[in-house]
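Colleague: curious how this folds, go ahead:
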Amino acid sequence: MATAIQAVFIRSYEERTTPKPHTVYKIDVQAHVRSWQMWRRYSEFDDLHTELTKSTKSSPPCNLPPKNSFSMLRSRKDAKVLEERRAGLEEYLRAILGAKESVWRDSQAFKDFLGVPVGRQGTLLQPSDPGQFTLSTWLDEHSELQARLRDVWSDINKRDALSDQGDIAASHKSNLAAKGKLAGMLARIGNLDKALQQLAMSGMSEGELQRRTDMVARLRDDCEKLTRIVTVARQTARSSTAGPSSSAAESRVAAPESDRAALLGANTFARPARRVFGASSPPKETEITRPLDNTGLYGLQQEQMLHQDNQLSQLTTVLQRQRQLGEAIGAEVGLQIEMLDDLSNEVDRVGGKLSSTKQKLNKLS
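Modeller: Sure thing, here's the model as predicted:
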């Protein structure tokens, strides 16, 4: 809810005569890329305040503007009173959205009051049929998938930190949480891709189509790489617990110094390199690699390679986009050159006609 709604404004109000004269206030709700309006009267604000106080056992962070019950008829026609009430109601909603505690804005009464479309789990509705997506809901779905991937990365980092501390149970729990969040991600990304094809047929520009295609490709790459990271971690955990005498402490025991010296020392049988980029330096231990054994070093190398692959895929996408822009610019420049050539030919033709007309006028004179 807090990530769905970005801002709330009450910019205007109007008088209505049915079923009896009353004033309604226009609430503009802005989310990521979509917005909508709701019309509410003061009595509905009062009912919301009562319901929030009752359901959360605490009053909202801001009070409603006074009701002015003794001057009700005058307040409907007094612009100053209505403007003060409009500002007070806007401040009331913004205080709930910006409050440190989320109990008020997460309540169902507040969501219903603002008209937020919610699903069964309390999240924004996600169309399961690609044909139900619009340009706005497509971007909303993409934003939510990006947020879910960031949550998965957070769980993986938490898993690694707990593993370094020796808390294997909590590390395994974090890995399971990351796996659960990844479940169904590829299917939802596939729905985005199919919906994009249908939106392209409804008149989407070529540039926007290419931009969104790149967005889907990056999402799919990130999801597949995160899946591999979670799977590799599970396999490593299985291998480390396969033997009855193995434990997390044994898997973290550093290799003997003799083995490390043999591994990092000079290799007399190695063939000399023909090309050397920069000054050669012997391999060195770091604070990260020192406590790791062979399995830990291999896992660290795999994570670094996956991170580099992710950066390369992003760079490839950017370069492909730059190439397409360059080709489009080249085509546009060629078209402009042709138009300039046509203009030059027209100027020459008109100049010839003017010369011929001038000669005829000289003969007549």
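Colleague: where is the longest helix in this structure?
Modeller: As assigned by DSSP state H, the longest helix anywhere in the chain is helix 294-364.
Colleague: show me what it is packed against.
Modeller: In terms of contacts (3 or more C-beta pairs under 8 Å, 6 or more residues apart in numbering; DSSP states H and E), helix 294-364 is packed against helix 206-240. C-betas here are computed from N, CA, C, even on glycine.
Colleague: repeat that with 10 Å
Modeller: Judged by 3 or more C-beta pairs under 10 Å, 6 or more residues apart in numbering; DSSP states H and E, helix 294-364 is in contact with helix 135-164, helix 206-240, helix 257-264.
Colleague: out of these, which is closest to Thr18?
Modeller: Checking the helices and strands packed on helix 294-364 against Thr18 by C-beta to C-beta gives helix 135-164 as the closest, at 32.2 Å.
Colleague: tell me the buried residues in that closest one?
Modeller: 137-145, 148-149, 152, 155-156, 158-160, 162-163 (16 or more other C-beta atoms under 10 Å).
Colleague: and the gap between the residue nearest to the spatial centre of the chain and Ser313?
Modeller: Nearest to the geometric centre of the chain sits Ser143, at 3.6 Å (C-alpha atoms, centre = their mean). Applying C-beta to C-beta, to the nearest Å, the value for Ser143 to Ser313 is 20 Å.
Colleague: what do you get for Lys100?
Modeller: Taken as C-beta to C-beta, the span from Lys100 to Ser313 is 39 Å.
Colleague: repeat that for Asp221.
Modeller: 5 Å.
Colleague: cool, and Leu343?
Modeller: Leu343 is 45 Å from Ser313, by C-beta to C-beta.
Colleague: the two: who's more crowded?
Modeller: In terms of neighbours (other C-beta atoms under 10 Å), Ser313 is the more surrounded of Leu343 and Ser313; the figures are 16 against 10.
Colleague: surely the more buried one and Leu219 touch.
Modeller: No - counting by C-beta atoms under 10 Å, Ser313 sits too far from Leu219 to count as a contact (11.4 Å).
Colleague: contacts only, for Asn157.
Modeller: 174, 178 (C-beta atoms under 10 Å, 6 or more residues apart in numbering).
Colleague: Val347 is nearest to which of the helices and strands packed on helix 294-364?
Modeller: Comparing the helices and strands packed on helix 294-364 by their distance to Val347 (C-beta to C-beta), the top pick is helix 206-240, with 34.0 Å.
Colleague: show me the shaky parts of this structure.
Modeller: Scanning the chain for pLDDT under 70 picks out 1-4, 32-34, 68-77, 117-132, 232-283, 291.
Colleague: grab the CA positions of the helix or strand containing Ala195 and hand them over as PDB.
Modeller: In the assignment (DSSP states H and E), Ala195 maps to helix 185-201. Written as PDB, here are the backbone C-alpha positions of helix 185-201 (Å, rounded to 0.1, in the frame of the first residue of the first chain):
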ATOM      1  CA  MET A 185       8.100 -15.200 -11.400                       C
ATOM      2  CA  LEU A 186       9.000 -16.600 -14.900                       C
ATOM      3  CA  ALA A 187       5.300 -17.200 -15.600                       C
ATOM      4  CA  ARG A 188       4.400 -13.600 -14.700                       C
ATOM      5  CA  ILE A 189       7.300 -12.300 -16.900                       C
ATOM      6  CA  GLY A 190       6.000 -14.500 -19.700                       C
ATOM      7  CA  ASN A 191       2.600 -12.900 -19.300                       C
ATOM      8  CA  LEU A 192       4.200  -9.500 -19.500                       C
ATOM      9  CA  ASP A 193       5.900 -10.500 -22.800                       C
ATOM     10  CA  LYS A 194       2.600 -11.800 -24.300                       C
ATOM     11  CA  ALA A 195       0.800  -8.700 -23.100                       C
ATOM     12  CA  LEU A 196       3.400  -6.500 -24.800                       C
ATOM     13  CA  GLN A 197       2.800  -8.200 -28.100                       C
ATOM     14  CA  GLN A 198      -0.900  -7.500 -27.800                       C
ATOM     15  CA  LEU A 199      -0.300  -3.900 -26.800                       C
ATOM     16  CA  ALA A 200       2.000  -3.500 -29.800                       C
ATOM     17  CA  MET A 201      -0.900  -4.500 -32.100                       C
END
